[in-house]
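Asks: Mind looking at a prediction? Sequence and model below.
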Amino acid sequence: MSWNATVLTLFPGMFPGPLGTSLAGRAMERGLWSLEARDIRDAATDRHRTVDDTPFGGGAGMVLRPDVVDAAIAAAVPEGDARPLVFLTPRGVPLRQSLVRQLAAGPGVVALCGRYEGVDQRVVEARGMIEVSIGDYVLSGGELAAMVLLDACVRLIPGVMGAAESAEEESFSSNLLEYPHYTRPAEWRGLRVPEVLLSGHHAEVARWRRERSEAVTRERRPDLLTEQGRPGSTAGAPLHPAASPA
Ligand code: ADE
């Protein structure tokens, strides 16, 4: 059973893009996951293939129409499809490894990419979308954000990563940033690798790495140390099932 991603976008030509290469691309070739990019515009019904309109209440930009977005979803998602519907938007809850883990453990994802000013909120709520942001900056659309989300999920699908790329110890797996890495030569430009790493003492190495992880997390991301209590944190929260349209 493979993990299936469907992306709804006004720019299907952007996909698979980087997801067709490297780890994700090889996993796709091996049939471990699939990606279908669908053009939202195919759901438009008028001669001009209109997908958007001006915002009620005034203001700049255009808003994707709820009827068009809903029709695009209906055409892409078969009856009984259990995949969560994720809307990529800077208004969303921050994407964290905890949500990535939950999504990767499920049947796949349907990702809606916004453009213009946004998507009519009624269809977002009627379809029970999970609104997700990849960070506190504004991209020109949700496509790159969807790629980030999918890349993060795909590498966790069983069989995608070999032992060499194991996700066990990496950043965020224990709410800590990762310790620094070193390889040969043991001395480079007069700079020595930390001696403990050359010692062959596994317990000492593990203690040093733990201590470095905690120190770098305290310095750069003190917020991670209190992750569970953060507003908007998705840590541990179950995915809510997609609601049917009203
Ligand atoms: N669309 C535009 N900016 C975004 C962001 N930061 N995260 C998710 N989707 C977006």
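Replies: Structure received.
Asks: backbone phi and psi for R220, please?
Replies: The phi and psi values for R220, taken as degrees, to the nearest 10, are phi -100, psi -30.
Asks: Kindly provide the distance from it to the ligand.
Replies: Applying C-beta to the nearest ligand atom, to the nearest Å, the value for R220 to the ligand is 20 Å. The C-beta positions use only the backbone N, C-alpha and C, and glycine is treated the same way.
Asks: list the contacts for that residue?
Replies: L177 (C-beta atoms under 8 Å, 6 or more residues apart in numbering).
Asks: Now stretch 215-224: buried residues?
Replies: Buried residues in stretch 215-224, counted by 16 or more other C-beta atoms under 10 Å: 216-217, 224.
Asks: Where is the longest strand in this structure?
Replies: Counting by DSSP state E, the longest strand found in the chain is strand 85-94.
Asks: hang on, the earlier thing: which one among the buried residues of stretch 215-224 gets closest to V77?
Replies: L224 (34.5 Å; C-beta to C-beta).
Asks: Find the residue at the geometric middle of the protein.
Replies: In the chain, the centroid-proximal residue (C-alpha atoms, centre = their mean) is L149; its distance is 1.7 Å.
Asks: Quick check: that one is in a helix.
Replies: Yes: with DSSP: H, G, I helix; E, B strand; the rest coil as the criterion, L149 is located in a helix.
Asks: and which of the buried residues of stretch 215-224 is nearest to L32?
Replies: Using C-beta to C-beta, the buried residues of stretch 215-224 come closest to L32 at L224, 29.7 Å.
Asks: For the ligand, see how far away G142 is.
Replies: 4 Å.
Asks: That residue is in contact with L88, isn't it?
Replies: Yes: between G142 and L88 there is a contact at 3.3 Å, judged by C-beta atoms under 8 Å.
Asks: E178 against E170, yeah?
Replies: Yes: the criterion here is C-beta under 8 Å, and E178 meets it with E170 at 5.6 Å.
Asks: residues contacting the closest residue to G141 other than its chain neighbours?
Replies: In space, and not counting its chain neighbours, G141 is closest to R115: 4.4 Å by C-beta to C-beta, 6 or more residues apart in numbering. Shown in contact with R115 (C-beta under 8 Å, 6+ apart): 10-11, 64, 140-142.
Asks: What of M147?
Replies: M147 neighbours (C-beta under 8 Å, 6+ apart): 14-15, 17-19.
Asks: Same check on V123?
Replies: 66-67, 69-70, 73, 245.
Asks: Please give the element, helix or strand, for S171.
Replies: If you go by DSSP states H and E, S171 is not part of any helix or strand.
Asks: do stretch 13-23 and the ligand meet at all?
Replies: No: Stretch 13-23 is not in contact with the ligand by C-beta under 6 Å from any ligand atom; minimum separation 13.1 Å.
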